[in-house]
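J.: Sequence plus the predicted model coming up.
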Amino acid sequence: MIGEISERCLRCYKEQYWFGKNFLFNYINENNVKGKRVLEIGCAEAGLLKFYNDNGAKCSGLELSETRFNNAVILNDKDKLHLFQANICDPSSYKNHIKQNYDLIIIRDVIEHISNKETALSNIFSILKPGGKLFISYPPKYCPYAGHQQTIPNVLGKIPYIHLMPNFLYERYLKLIKCSSKKIKYLMETKKTRVSNFEMFQLLSTKGFKVLKRSNWFIRPSYSFRFKLPKLKNPFSWIPVLDEIFCNGMLVLVERSKV
């Protein structure tokens, strides 16, 4: 029942659809996705996939979280979207769901939570068609909210860059502002699994992906939906270190080598 889904997750569902319609479709620059096979890894409520399905794509969604997977099942037509619960780092968890390779794979604001990114990208490469495209977005390691501390209910937790504190100080601070133990665990894990732009592009190159497009945002496109702000690219994106410090979202489009 839709009534069982939190307001936050319903808002995420609407944002996901909005992101596809108002940004991602044009960013990837595919004029026609009819009949194309699209997979989103970490699809959450699968609003983005609904947009692609509405435009004729054959869509699959892989989601690890039981709550978000159940939300996706409730909010979408199971005959139109192929949704399954699995872990991209564990091929045995999805082998029965993936029978053919994909034209497009999307992993949006998820890769920063994966501890073994090398394995994840290797597995993504193996299920992407030669010449297929992969879209990745993530907050770089040293950006204001790479620690996802904006999810802390207390306003004292939403301070930019506080995740850069040494671990012991950061954990003490989170306890001081009354974060729950569950939230502290999530934030400490996120701090540990962050990824820098240098690390990400090195991994992509090593795994056989060719970069087609990259954009570094000070006000990321999704903030237009969340906060009604105009999107704005990072004016310091060409300067190492500053390309991360003043970035709130890195967006990358790559292609799998055709051989």
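T.: Arrived safely. What you see is a predicted model, and the numbers here were worked out from it, not measured in a lab.

J.: how about the nearest residue to residue 47, chain neighbours excluded?
T.: The shortest distance from residue 47 to any non-neighbouring residue, by CB to CB, 6 or more residues apart in numbering, is to residue 16 (3.0 Å). Any C-beta I mention is one placed from the backbone N, CA and C, and that applies to glycine too.

J.: So which other helices or strands are in contact with the helix or strand hosting the one you found?
T.: Element membership of residue 16 [criterion: DSSP states H and E] is helix 7-19. Counting contacts by 3 or more CB pairs under 8 Å, 6 or more residues apart in numbering; DSSP states H and E, helix 7-19 packs against helix 47-54, helix 66-75, helix 223-227.

J.: Partner strands of the next helix or strand after the longest one, with direction?
T.: The element immediately downstream of helix 66-75 (helix or strand, assigned by DSSP H and E) is strand 81-85. Strand 81-85 has the following sheet partners, assigned by DSSP bridges: strand 58-63 (parallel).

J.: related to what we said a few turns ago, give the contact list for the residue nearest to residue 47.
T.: Contact partners of residue 16, counting by CB atoms under 8 Å, 6 or more residues apart in numbering, are 44, 45, 46, 47, 48, 49, 50, 51.

J.: count of neighbours near the third one?
T.: The burial metric for residue 46, expressed as a neighbour count using other CB atoms under 10 Å, is 27.

J.: which residue sits closest to it in space, ignoring its chain neighbours?
T.: With CB to CB, 6+ apart as the criterion, residue 46 has its nearest non-adjacent residue at 4.0 Å, and that residue is residue 72.
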